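1. all I have is the shape, not the residue letters:
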């Protein structure tokens, strides 16, 4: 991964959940990322639990098969005001 992309990803992750908060959560809970632990942490830092799960997936701390029910479908919302979905598919107006 190019350095600029890594830095952008890190900045986006830190914007959603401050890195010191996420590091503390991981240090306390790893490897037992239970649903109550995820929900409790998400409530404490005031984010959707799907953001916590997404960061755990991205850090390879949690299998992509686990806690998928926390992930919200956002494609329709994201593509509602664009002309393409980013995968070469034009959106009908």
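-> Here it is on my side, so go on. Keep in mind that this is a model prediction, so the values were computed, not measured.
2. check the offset of the lowest-mean-pLDDT helix or strand in the chain from the chain's centre.
-> Evaluated with mean pLDDT, DSSP states H and E, the helix-and-strand set of the chain has its lowest mean pLDDT in helix 75-78, which scores a mean of 78. Taking Cα atoms, centre = their mean, to the nearest Å, the mean C-alpha location of helix 75-78 is offset from the chain mean by 16 Å.
3. now that helix: buried residues?
-> By neighbour count, with 16 or more other Cβ atoms under 10 Å as the criterion, helix 75-78 contains no buried position. Bear in mind the C-beta positions are built from the backbone N, C-alpha and C, glycine included.
4. same deal with stretch 3-23?
-> 13, 17, 22.
5. elements contacting the least confident helix or strand of the chain?
-> Counting contacts by 3 or more Cβ pairs under 8 Å, 6 or more residues apart in numbering; DSSP states H and E, helix 75-78 is packed against no other helix or strand.
6. returning to what we had before: which ones among the buried residues of stretch 3-23 are found in helices?
-> Using DSSP state H, the members of those that fall within helices are 13, 22.
7. dump the buried residues of stretch 3-23 into CSV; add pLDDT and distance to residue 28 as well.
-> What follows is those, written out as CSV (pLDDT from 0 to 100; distance: Cβ to Cβ, whole Å):
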residue, pLDDT, distance to residue 28
13, 92, 18
17, 97, 14
22, 97, 11
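8. so who does the closest residue to residue 54 other than its chain neighbours touch?
-> Nearest-residue entry for residue 54: residue 71, 7.0 Å, with adjacent residues in sequence omitted and distances by Cβ to Cβ, 6 or more residues apart in numbering. By Cβ atoms under 8 Å, 6 or more residues apart in numbering, the contact set of residue 71 is 50, 53, 54.
9. with that, I have no additional questions.
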